[in-house]
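[1] sequence below, structure please.
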Amino acid sequence: MVGPKHPARARRGRGALPASDTLIATGVADWPQLPRPDFWIMLTCAAAQFLLVSGVLGTLGARSAARAAYGEMRSTTP
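    Numbering: from 1, shown residues only. Coordinates of the predicted model:
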């Protein structure tokens, strides 16, 4: 899908990484933790990575689709 949805995915992924790091820090600092902290750490980390990668790949795909649609080509002549 081409459109502004893909950069938003990357932004959400960028926001989910600190959540994962915070969950890790609660264990290191002996702060109160959620039940099954390992599950929540892996879930937030995997979600962040998925959102980042799908957002970046979607944006790159949208750019190449736009180039193909408009027939843009780079010239080698000066």
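
[2] only C-alpha atoms from now on, for both contacts and neighbour counts.
    Noted.

[3] can you tell me how far Val28 is from Asp38?
    13 Å (Cα to Cα, to the nearest Å).

[4] who's more crowded, the two?
    Asp38 (12 against 9; other Cα atoms under 10 Å).

[5] rounded mean pLDDT for the helix or strand encompassing Val56, please.
    Taking DSSP states H and E as the criterion, Val56 maps to helix 37-70. For helix 37-70, mean pLDDT rounds to 80.

[6] who does it touch, helix- and strand-wise?
    Judged by 3 or more Cα pairs under 8 Å, 6 or more residues apart in numbering; DSSP states H and E, helix 37-70 is in contact with helix 5-28.

[7] any buried residues in the helix it packs on, and which?
    His6, Pro7, Arg9, Ala10, Arg12, Gly13, Ala16, Leu17, Ala19, Ser20, Leu23, Ile24 (16 or more other Cα atoms under 10 Å).

[8] can you add pLDDT and distance to Thr59 and give the residues you listed back as TSV?
    What follows is the buried residues of helix 5-28, written out as TSV (pLDDT from 0 to 100; distance: Cα to Cα, whole Å):
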residue	pLDDT	distance to Thr59
His6	69	6
Pro7	79	7
Arg9	82	10
Ala10	83	9
Arg12	87	14
Gly13	87	14
Ala16	87	19
Leu17	90	20
Ala19	90	24
Ser20	89	24
Leu23	90	29
Ile24	91	30
